[in-house]
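Q: Predicted structure and sequence below. I'll ask about it afterward.
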Amino acid sequence: MKLPEAQEIEPFDLATRLEAGEPIRVLDVRAPQRLAAGRVDLVPPERFHNVRGSQFVHLADPAASIGLDPADPVAVVCGHGNDSRVIAAMLDQRGYEAWSLRGGVTAWMRLVVPRELPPPPGFDRLIQFDRLGKGSLGYLLIAGGEALAIDPSREWRAWSDAAAEAGARIVAVADTHVHADYISGAPEMARELVVPYYLHPADNVWPYDGTPGRLEFTALSDCMQLEVGGQVLRTCHTPGHTEGSVTFLAGDPGAESAAFTGDFLFVDSIGRPDLAGKMDAWIGDLWDSLERSRREWSPDARLLPAHYGGEGERNPDRSVDRTFGEARAGNATLQISDADEFREWVESHVSTPPEAYPHIKAINVGLAQVTPQQADVLEAGKNECAVG
């Protein structure tokens, strides 16, 4: 059956317009229980509408029924961009400016938005890649015509495209840890670009039962140095979220250094130590990593995490970072000074881990494979990697 003619909008275009503050409304025509698997959440609550498509088609007056103001443009959203075309065409006939989100929430969840950040001393450029649907972040660090890709997602060509646009060659790919909430693009990216894939060996394992992983990688170790375009990053082993979690420290130890913390430390929280069922042991590692960061890192070092929990962690320019000093003032975990108190706080703030996380971990250590469609299902929804 041929779908009705409707204007479509690409996920990147919708994100750009919403982040610019345009008065766009979002009409999600999926069943309400589907929202937990991901939604376009860059609008205030009063501009987000959720009505099943089968119910919406019977509304005589959308403005009166659900508050859909005809003066505002509307982005219609469904799972894959099919039902939304039908509803968008109906709205167009009623005088609304309506678009169907091309690819639906599935495409929105894959979307990666690049943002330019000030680079650490000695480096030429720093790009933060914001995966809006997941609340996850990756990075491209450039110096002297070379680039390091950190924590790339499945849509890793956003990293290689950005490097090409900057006139830089990606010389290495690194994961700060083996992710549980999304499928890493790092191993595939490294294979296709024929460059090293860096990972701490303690993470090349399925941690739930100790099955060794099957990854091909170059092993990271504590205090190991990586060179990019004549500039150096130092690896700091910061276990606790995983046994192999690392932080990459770039630039001088002084005012403008950068700490790519992965899921060890976030702007407002810390990485949960319970995802492999080893919380009792891993809380101690997490505490030791925190203590090390407080001893060794400058208050002026910039924290560049792999996740964020909400809009409150953003800067005015939509980027996500804080100085370590700012984080110590605002992050509750960094204000705890006693190991027992820390343990009690973590134990009282963790929730039940998502069922998909063990499967994603197995994929990320090379023990399982999935189709892109299966990956979309596994990755659905915001990350739940932080304590709290």
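A: Looks like it came in fine. Residues are numbered from 1 along each chain as shown.

Q: how's this structure carved up into domains?
A: 8-108, 130-138+197-378 (automatic domain parsing).

Q: Could you say which one of these comes nearest to residue 388?
A: domain 130-138+197-378 (4.8 Å; Cβ to Cβ). Placement of C-beta: from N, CA and C, glycine included.

Q: Kindly reformat the domains of the chain as JSON lines containing distance to residue 172.
A: Putting the domains of the chain into JSON lines (distance: least, Cβ to Cβ, whole Å) gives the following:
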{"stretch": "domain 8-108", "distance to residue 172": "27"}
{"stretch": "domain 130-138+197-378", "distance to residue 172": "6"}
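
Q: JSON lines please, covering those domains and showing distance to residue 157 and mean neighbour count.
A: Output for the domains of the chain, formatted as JSON lines (distance: least, Cβ to Cβ, whole Å; neighbours: other Cβ atoms under 10 Å):
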{"stretch": "domain 8-108", "distance to residue 157": "13", "mean neighbour count": "18"}
{"stretch": "domain 130-138+197-378", "distance to residue 157": "12", "mean neighbour count": "19"}
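
Q: I'd like to know which of the ones you listed lies nearest to residue 155.
A: domain 130-138+197-378 (7.8 Å).

Q: I'd like the average pLDDT over that closest one.
A: Domain 130-138+197-378 carries an average pLDDT of 95.

Q: ok now it, how far from the chain's centre?
A: Once both centres are worked out by Cα atoms, centre = their mean, to the nearest Å, domain 130-138+197-378 turns out to sit 12 Å from its chain's centre.

Q: tell me how far the ends of it are from each other?
A: 19 Å (Cα to Cα, to the nearest Å).

Q: got it, and stretch 170-185?
A: 14 Å.

Q: Kindly report the same for stretch 229-240.
A: 31 Å.

Q: go on, stretch 158-173?
A: 13 Å.

Q: Stretch 200-208 now?
A: 17 Å.

Q: Name the residues that touch it?
A: Contacting residues not belonging to stretch 200-208 are listed as 175, 177-178, 211-213, 215, 217, 219-221, 235, 237, 239, 242-246, 275-278, 358, 361-362, 365, 367 [Cβ atoms under 8 Å, 6 or more residues apart in numbering].

Q: Now with 6 Å, please.
A: 177-178, 212-213, 215, 219-220, 242-244, 246, 276, 358, 362, 365, 367 (Cβ atoms under 6 Å, 6 or more residues apart in numbering).

Q: Repeat that for stretch 248-264.
A: 120-121, 150, 176-177, 233-234, 236, 238, 241, 245, 247, 271, 298, 300-306, 385.

Q: Just the ones in strands from those residues, please.
A: Mapping these onto strands (DSSP state E) picks out 150, 233-234, 236, 247, 302-305.

Q: Name the nearest of these relative to residue 40.
A: residue 305 (22.8 Å).

Q: separation between the residue lying closest to the closest one once chain neighbours are set aside and residue 324?
A: In space, residue 305 comes closest to residue 266 once its chain neighbours are excluded; the distance is 4.6 Å by Cβ to Cβ, 6 or more residues apart in numbering. Distance, residue 266 to residue 324, by Cβ to Cβ, to the nearest Å: 12 Å.

Q: Quick check: the farthest pair among the ones in strands among the contacts of stretch 248-264?
A: 234 and 305 (17.8 Å).

Q: Which residue ranges of the stretch 151-300 of the chain form strands?
A: 169-174, 197-199, 205-206, 211-212, 218-219, 225-228, 231-237, 246-250, 258-262 (DSSP state E, counting those that start in this stretch).

Q: Redo these as JSON lines? Include distance to residue 372.
A: Formatted as JSON lines, the strands of the stretch 151-300 of the chain follow (distance: least, Cβ to Cβ, whole Å):
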{"stretch": "strand 169-174", "distance to residue 372": "20"}
{"stretch": "strand 197-199", "distance to residue 372": "21"}
{"stretch": "strand 205-206", "distance to residue 372": "22"}
{"stretch": "strand 211-212", "distance to residue 372": "25"}
{"stretch": "strand 218-219", "distance to residue 372": "27"}
{"stretch": "strand 225-228", "distance to residue 372": "31"}
{"stretch": "strand 231-237", "distance to residue 372": "32"}
{"stretch": "strand 246-250", "distance to residue 372": "29"}
{"stretch": "strand 258-262", "distance to residue 372": "25"}
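
Q: Let me know which of those is the nearest to residue 347.
A: So among the strands of the stretch 151-300 of the chain, strand 258-262 is nearest, using Cβ to Cβ, at 22.1 Å.

Q: what pairs with that closest one, and is each one parallel or antiparallel?
A: strand 246-250 (antiparallel), strand 302-305 (parallel) (DSSP bridges).

Q: Rebuild the ones you listed as TSV, extending it with distance to residue 143.
A: Shown next, in TSV, are the strands paired with strand 258-262 (distance: least, Cβ to Cβ, whole Å):
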stretch	distance to residue 143
strand 246-250	9
strand 302-305	16
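
Q: closest to residue 47 out of these?
A: It is, among the strands paired with strand 258-262 and with distance given as Cβ to Cβ, strand 302-305, at 28.2 Å.

Q: middle-most residue in the chain, spatially?
A: residue 136 (0.8 Å; Cα atoms, centre = their mean).

Q: was I right about that one contacting residue 307?
A: Yes. Counting by Cβ atoms under 6 Å, residue 136 does reach residue 307; the two are 5.4 Å apart.

Q: any residues in contact with both of the two?
A: residue 383.

Q: picking up where we left off before, between the strands paired with strand 258-262, which one is nearest to residue 36?
A: That would be, of the strands paired with strand 258-262 and by Cβ to Cβ, strand 302-305, which comes in at 23.1 Å.

Q: and the next element down the chain from that closest one?
A: Next helix or strand after strand 302-305 toward the C-terminus (DSSP states H and E): strand 322-323.
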